[in-house]
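# sharing a sequence plus its predicted fold:
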Amino acid sequence: MANMQKKKSGLSFTWPWVLGLVLILLVVGGWMLKPESEEAKNLTARLQITVIEELGEKSNMDKERIVDISVYQVSSGWDAEFILNADKGFTTISTKQLMWQQAIAILAPLSEFGELKDISISWVYPVAGPNDKVTDQSVMSFRLDKTTRDQLIWENVEPSLLPDIAFDYKEHSVLNE
C-alpha cells in the first residue's frame with residue numbers, strides 16, 4: 001500500500017511539468033510558424049522586381065533566375081539572402097566573370113535600399129558529380145555589409161575585385177577548372 005502511494009505521488013508531481021513543457025512548446029512552435037510580416041513580404045517583392053529588372057526572369061539556361069529570396073529583420077533593418085541561377089558563359093572563366101558582373105549589376109540598385117544591412121548572394125549552377133550525375137549547386141557565395149556598399153562607387157567597381165571586397169567569399173572548385 002505504501003509503495004502504491006509513492007508511485008501515485010511521483011506521477012502527480014511529474015504531470016504538471018509535462019503539461020507545462022507541452023504548453024511552452026505549443027506557444028514557441030506557434031510563434032515560429034507565424035507567417036511573414038507584411039513589411040517582409042513587401043520588401044521581398046521589391047527585391048524580386050529589382051533582380052528581374054537587372055538580370056531578367058530566366059537565366060540563359062532557361063531556368064527561373066530567382067531560386068529564393070529571404071529577408072530577416074535585424075535590430076537596425078533587414079538582411080537579405082538571394083539564391084540565383086547563374087548564366088552560362090562560353091568558358092568556365094567567362095561564366096565566373098559573368099557571375100561577378102551580374103552581382104555588381106544587382107548590388108548597385110540593391111544598395112539604394114536604405115533598410116538593407118547585409119546582402120548575401122549565392123549563385124547556383126549545374127555541376128557534374130560522381131557518375132556524371134548533374135545537380136544544381138551553389139558555386140559562388142558572398143556577403144556585403146551596408147558600410148562596405150556605401151563606400152563604393154558602383155560605376156567604378158571592377159567585377160574581378162568582388163572576391164576582395166566581399167565577406168565570406170566562397171567559390172566552388174568547378175569555377176577553377
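It's in.
# could you dump stretch 149-167 to CSV, C-alpha only?
C-alpha atoms of stretch 149-167 as CSV (Å, rounded to 0.1, in the frame of the first residue of the first chain):
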residue,chain,number,x,y,z
ARG,A,149,28.4,49.1,-50.1
ASP,A,150,28.0,52.7,-49.0
GLN,A,151,31.7,53.3,-49.7
LEU,A,152,31.7,52.0,-53.2
ILE,A,153,31.0,54.0,-56.4
TRP,A,154,29.3,51.2,-58.3
GLU,A,155,30.1,52.5,-61.8
ASN,A,156,33.8,52.3,-60.9
VAL,A,157,33.8,48.8,-59.3
GLU,A,158,35.7,46.3,-61.4
PRO,A,159,33.8,43.0,-61.2
SER,A,160,37.0,41.0,-60.7
LEU,A,161,37.5,42.8,-57.4
LEU,A,162,34.4,41.3,-55.9
PRO,A,163,36.2,38.5,-54.1
ASP,A,164,38.5,41.1,-52.4
ILE,A,165,35.7,43.4,-51.2
ALA,A,166,33.1,40.8,-50.2
PHE,A,167,32.9,39.0,-46.9
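# ok, residues contacting stretch 144-162?
Residues outside stretch 144-162 that contact it (C-beta atoms under 8 Å, 6 or more residues apart in numbering): 77, 97, 100-101, 103-104, 107-108, 111, 116-119, 142, 165-167, 169. Any C-beta I mention is one placed from the backbone N, CA and C, and that applies to glycine too.
# strands - which of those land there?
Using DSSP state E, the subset of these located in strands is 77, 116-119, 142, 167, 169.
# related to what we said a few turns ago, just the buried members of the contacts of stretch 144-162?
77, 100-101, 103-104, 107-108, 111, 116-119, 142, 166 (16 or more other C-beta atoms under 10 Å).
# quick one: which of those residues is nearest Ala45?
Closest approach to Ala45 among the buried ones among the contacts of stretch 144-162 (C-beta to C-beta): Leu116, at 14.1 Å.
# beta partners for that closest one?
On the basis of DSSP bridges, Leu116 is bridged to Trp78.
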